[in-house]
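J.: model this:
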Amino acid sequence: MDPQAFIRLSIGSLGIRFPEASKSSTPVLSSPCACEIRLRGFPVQTTQIPFISSPINNNSHAVASTFYLEESDLKVLSSPRCFYNTRAFLEVAVFTGRRGTHCGVGTKRRQIGVFKLNVGPEWGEGKPVILFNGWVGIGKNGQELGGAELHLKVKLDPDPRYVFQFEDETKLSPQIVQLQGNVKQPIFSCKFIRDRVSQVDPLSTFASSSGDGSHQDTERRERKGWNVKIHDLSGSAVAAAFITTPFVPSTGCDWVARSNPGAWLIVRPDPYQHDSWQPWGKLEAWRERRGGGIIRDSVNFRFHVFSDGQEGGKNLLISEISLGAEKGGEFFIDTDRQIRATAEAAAAAAAVPSPQSSGDFTELSPVAGGFVMSCRVCGEGKSSKPTVQLAMRHVTCVEDAAIFMALAAAVDLSIEACRPFRRKIRVSSSRNSW
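T.: Alright, predicted model coming up:
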């Protein structure tokens, strides 16, 4: 398998100091500093910046922001815009004060200064390079906060990835191909079975089956017995996913709620026992409804990996993500993004973890190490053909890629499994209500 070229742009070791103001006894700022990190074509990323009181260099090595760029992104960034002759640049704008409103009154936010770094030819060379590392003046002389200095480290690292695509909807048991430019190379096949599990199938040890009952009657009240196998080109099953906790409506509503999520077990062949499976991870999914004018439902995911290969043993929370039920979105395993998102949620809630998050992803960094995988799926009622990106450094053999294909299939099928269990509308009662 040949990977595609990606690069990882990281901005870290952030710190700010005010050398001129430190000579006086007057406090510099009463509120923390934050920065907006911008790169053309990518969403703006926001993070806090710590004050550095000592004149020595900043010792923090934490990564505050990460951008992942593929070859097409680099071409766009390196090309002049339609109405401008200049190339793109990385911009770090530093502010003091809090953005937003409190009790209907807008809070004041002041810009301290801006750091800019042009996109150059070294961005496309595919080699590790430190673009900037050290202190730089960003404050304008004569201003109240003049003389401000920002410390940051900007680094480029190659991050090659394998890119796969399901050639049809997961429930239609499609072929899975690897994408390399315009070339599609068959790698796996996907076999989906709904509602019934063969008694001679090794998966029947784990899966919840509805027996021989009617498929339609069963799915009016629960969704269970679904399983999907990933086969290599020789026809051998190299990974699988199956429902272990049925997707059922919670009390008082007609959808799968957070209090009782459905769950998939992701498994791989047991290397020590023929025709046996070894648990690898657990994916939980549920639906949430958010009001406020327009009701927008989301499908939420929580994924754990079993560190010792046992379902009942120690497990690590690897990813917790919310996707739009109507539009779909991207499920990902990326410790940099998860840790930042959790930290921002905690800061916004006065150091209290968000109710949408279990909170602690700090244990993940040595386990997963930055970007691991992503899976883009469509929303409910749409023809979804998942696209999966997988970091090359996490793949040592075809079977390693297969386990992530099983996870991607479970994510895609969960969108359908979390659909509301709607009942038929009785016309007579609706007429009588007028």
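
J.: tell me which other helices or strands the strand or helix carrying Gln178 touches.
T.: Using DSSP states H and E, Gln178 falls within strand 175-180. Packing partners of strand 175-180 (3 or more Cβ pairs under 8 Å, 6 or more residues apart in numbering; DSSP states H and E): strand 161-166, strand 183-193. In this view, the C-beta of every residue, glycine as well, is placed from N, C-alpha and C.

J.: that strand vs strand 183-193, what angle?
T.: Interaxial angle, strand 175-180 versus strand 183-193 (axes from the mean of the first three to the mean of the last three Cα atoms, to 10 degrees): 150 degrees.

J.: where in this structure is pLDDT low?
T.: 21-30, 54-61, 81-85, 98-107, 140-146, 195-220, 291-295, 308-313, 340-369, 423-434 (pLDDT under 70).

J.: shouldn't Arg337 be in contact with Thr66?
T.: Yes - between Arg337 and Thr66 there is a contact at 7.1 Å, judged by Cβ atoms under 8 Å.

J.: mutual contacts of those two, please.
T.: Contact with both Arg337 and Thr66 is made by no residue, according to Cβ atoms under 8 Å, 6 or more residues apart in numbering.

J.: neighbours around the residue lying closest to Asp400 once chain neighbours are set aside, how many?
T.: Closest residue to Asp400 apart from its sequence neighbours, by Cβ to Cβ, 6 or more residues apart in numbering: His394 at 6.8 Å. Residues contacting His394 under the criterion other Cβ atoms under 10 Å number 18.

J.: report the secondary structure state of the residue minimising distance to the centre of the chain.
T.: Central residue of the chain (Cα atoms, centre = their mean): Phe332, 3.2 Å from the mean position. Under DSSP: H, G, I helix; E, B strand; the rest coil, the three-state class of Phe332 is strand.

J.: repeat that for the one 5 residues further on.
T.: For Arg337, the secondary-structure state derived from three-state DSSP is helix.

J.: oh, and call the first residue 18 from now on, that's how I've got it
T.: Sure, I'll start numbering at 18, so the last one becomes Arg354.

J.: so how far is Arg25 from it?
T.: 12 Å (Cβ to Cβ, to the nearest Å).

J.: shared neighbours, these two?
T.: In contact with both Arg354 and Arg25: Thr83, using Cβ under 8 Å, 6+ apart.

J.: identify the bridge partners of the closest residue to the residue nearest to the centre of the chain other than its chain neighbours.
T.: In space, and not counting its chain neighbours, Phe349 is closest to Ser391: 4.1 Å by Cβ to Cβ, 6+ apart. Under DSSP bridges, the beta-bridge partners of Ser391 are Phe349, Gln406.

J.: try Pro203
T.: Where Pro203 sits in a bridge, its partners, by DSSP bridges, are Val194.

J.: burial count for it?
T.: Pro203 has 11 nearby residues by other Cβ under 10 Å.

J.: done for today, thanks.
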